[in-house]
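K.L.:
task: produce atomic coordinates for the following.
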Amino acid sequence: MQSVGILSTGIYIPKDFLTAKDISRRSGIPKEIIETKLGILKKPIPGPDDHTCEMGIKAAREAIKKAKIDPQDIDLIIYIGEEHKEYPLWTAAIKMQQELGATGAWGFDVAMRCGTTIMALKVAKDMMRSDDSIKTVLLAGGYRNVDFIDYENPRTRFMFNLGAGGGAILIQKGITKNHILESQMITDGAFSEDVVVVAGGTKNPMTKEALDQKLNMLDVLDPEGMKQRLEEKSMQNFLKVIRAAVNNSGYTDADIDYLGILHMKKSAHDYVLNELGLSQDQSIYLNEYGHIGQIDQILSMELAEKEGKIKEGDLVVLVSAGIGYAWGATVIKWGDC
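P.N.:
Presented below is the predicted three-dimensional model:
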């Protein structure tokens, strides 16, 4: 069976940022708490032209440039950005195809909130192995769910880290580097309606009254119940997906060299590292970026490469969690395999 590897990645980060001081002013939470407990020094926010799919297109152009490939050689485009994008009913992958000049590709959108990139890597790899016509795949998308944050709503405090940006991964079948090994996913529908934007769907159409009540913003419908249920499962599910993906790839915890993990509160980040026996140098805490949804893992890989934290032969694990709730991990054998 042919291997599937990562050719290149691309990242787009908007120029505008909110600082911990800005968030403190808007939320009333002390700046020190935002910096130390929530783990946010600053985070990117979208400028006037930083639309969701467009940020993914900019990141894709970077990945294509680094890989030195012709966009016409791309066989499939999978849009991994958010459903909150330029238009409510729209297939963003097809827009990407047009803008990138990928005339030989076809495309579709996938969504699993902040778990989308991990899920899409598994989907793409499985499709490539089952379809001889798919050799090169682009995963790309943008994220700006920061638009849905009301800093005056304490129920959404754990989402004050949401930011904006775009990311892309080019993967190819039959290459001898950066092999994508196994993935593991867990979903738990008990949390499926805990975090929602109440208005704007078929249950509660958008009205002036809904806007006046800020029902167009993210909210937590049962904060205490969700907290109790999530505390029982969340950290353990992080560890479950990581260990299952690593074990199914033929390795153990001790073999992990780098963990590309989403941004979350510092204590949770440290807990996962400690449980896996990893040092702070074996990951990057994204406190100058916040949480850019499913783009976090791509950003973590790019930063780790630049900082020399990922080396030839390293075992890299990408891990995510998405509202809903979903947990996922993918293992990559870095360098020439």
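K.L.:
tell me the buried residues in the helix or strand of the chain with the lowest mean pLDDT?
P.N.:
Here the helix or strand of the chain ranked lowest by mean pLDDT, DSSP states H and E is helix 223-248, holding a mean of 92. Neighbour-count burial for helix 223-248, counted by 16 or more other CB atoms under 10 Å, picks out 223, 226, 229-230, 233-235, 237-239, 241-246. From N, CA and C alone the C-beta is placed, and that goes for glycine too.
K.L.:
now the first helix or strand past that helix going along the chain: mean pLDDT?
P.N.:
Next along the chain after helix 223-248, taking DSSP states H and E as the criterion, comes strand 258-261. Averaging pLDDT along strand 258-261 yields 98.
K.L.:
can you spell out which helices and strands pack onto strand 258-261?
P.N.:
helix 266-276, helix 296-306, strand 315-322 (3 or more CB pairs under 8 Å, 6 or more residues apart in numbering; DSSP states H and E).
K.L.:
quick check: which of the ones you listed is nearest to Gly47?
P.N.:
Relative to Gly47, the nearest member of these by CB to CB is helix 296-306, separated by 18.1 Å.
K.L.:
list just the nearest of the buried residues of helix 223-248 to Lys68.
P.N.:
Taking those together and measuring to Lys68 by CB to CB, the closest member is Ala245, at 30.1 Å.
K.L.:
which strand residues bridge Ala321?
P.N.:
Trp327 (DSSP bridges).
K.L.:
what residues are up against the closest residue to Lys37 other than its chain neighbours?
P.N.:
Excluding its sequence neighbours, the residue lying closest to Lys37 (CB to CB, 6 or more residues apart in numbering) is Lys265, at 6.1 Å. Counting by CB atoms under 8 Å, 6 or more residues apart in numbering, Lys265 touches Lys37, Leu38, Gly39, Phe158.
K.L.:
of the buried residues of helix 223-248, which is the nearest to Leu259?
P.N.:
Once CB to CB is applied, the member of the buried residues of helix 223-248 that ends up nearest Leu259 is Ile242, at 7.8 Å.
K.L.:
centroid-nearest residue for this structure?
P.N.:
Centroid-nearest residue in the chain: Gln294, 1.2 Å away (criterion: CA atoms, centre = their mean).
K.L.:
that one in helix, strand or coil?
P.N.:
At Gln294 the chain is in helix, as set by DSSP: H, G, I helix; E, B strand; the rest coil.
K.L.:
how far away is it from Gln2?
P.N.:
For Gln294, the distance to Gln2 (CB to CB, to the nearest Å) stands at 26 Å.
K.L.:
Gly167 now?
P.N.:
From Gly167 across to Gln2, the span is 25 Å (CB to CB).
K.L.:
got it, and Gln236?
P.N.:
Here the criterion is CB to CB. By it, Gln236 lies 35 Å from Gln2.
K.L.:
ditto for Ile23
P.N.:
47 Å.
K.L.:
which one of these two has more residues nearby?
P.N.:
Ile23 (24 against 12; other CB atoms under 10 Å).
K.L.:
ok, the more buried one touching Lys42?
P.N.:
No. The pair Ile23 and Lys42 does not pass the contact test of CB atoms under 8 Å, sitting 9.1 Å apart.
K.L.:
what subset of the contacts of Lys265 is buried?
P.N.:
Leu38, Gly39, Phe158.
K.L.:
next, the buried residues of stretch 282-289.
P.N.:
Gln282, Ser283, Ile284, Tyr285, Leu286, Asn287, Tyr289.
K.L.:
an error on my part: the question was meant for stretch 170-186.
P.N.:
Buried, per 16+ other CB under 10 Å, within stretch 170-186: 170-173, 175, 178-186.
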